[in-house]
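Visitor: Dropping the sequence and predicted coords here.
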Amino acid sequence: MVEHLRLCWRDDLSMEALLGLRDGLDDMLGRIRSTRHISNALFKCPACGHLVRGADPHVSVRATILALVRFGVAAREPARALETAWSTYRKTAGLDQYGHVAASEPDRLPGCAHADER
């Protein structure tokens with residue numbers, strides 16, 4: 001994934017291209033987890049003790065930006081400016097953390113009958 005990030009990164013990347021890079025990294029994460037048979041963590045409900053699998057992990061746009069600095073692909077200050085630009089773009093375009101059109105209500109996870117009581 002890091003090599004893909006290095007190959008695809010350019011300093012003049014547009015927001016749409018950044019979202020495309022995030023999509024590619026997210027797809028790659030899904031393929032890696034699938035081919036290596038990595039399952040999601042188990043969680044135990046504190047109220048009833050029921051064990052359920054957690055949601056699938058996804059790569060956010062911010063995680064993509066932070067990875068640029070962490071793995072030495074981009075310098076800290078340009079990445080910080082990109083993070084600020086992403087935050088502004090996200091708010092004006094009405095996007096969620098993954099770069100998709102934000103839903104009006106967050107999705108409810110299927111769970112215990114007592115989920116409404118919390």
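Guide: Thanks, I have it.

Visitor: who's in contact with R10?
Guide: Residues near R10 by Cβ atoms under 8 Å, 6 or more residues apart in numbering: A17. (C-beta placed from N, C-alpha, C; glycine too.)

Visitor: and it, how far is that from L19?
Guide: 14 Å (Cβ to Cβ, to the nearest Å).

Visitor: H4 too?
Guide: Distance of H4 to L19, given as Cβ to Cβ: 15 Å.

Visitor: Name the residue in these two with the higher neighbour count.
Guide: L19 (20 against 12; other Cβ atoms under 10 Å).

Visitor: so which helix or strand takes in the more buried one?
Guide: helix 15-35 (DSSP states H and E).

Visitor: in the protein, which spans are strands?
Guide: Secondary structure of the chain by DSSP state E: the strands cover 42-44, 51-53.

Visitor: mind putting the ones you listed in a markdown table, mean pLDDT included?
Guide: Shown next, in a markdown table, are the strands of the chain (pLDDT from 0 to 100):
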| stretch | mean pLDDT |
| --- | --- |
| strand 42-44 | 90 |
| strand 51-53 | 88 |
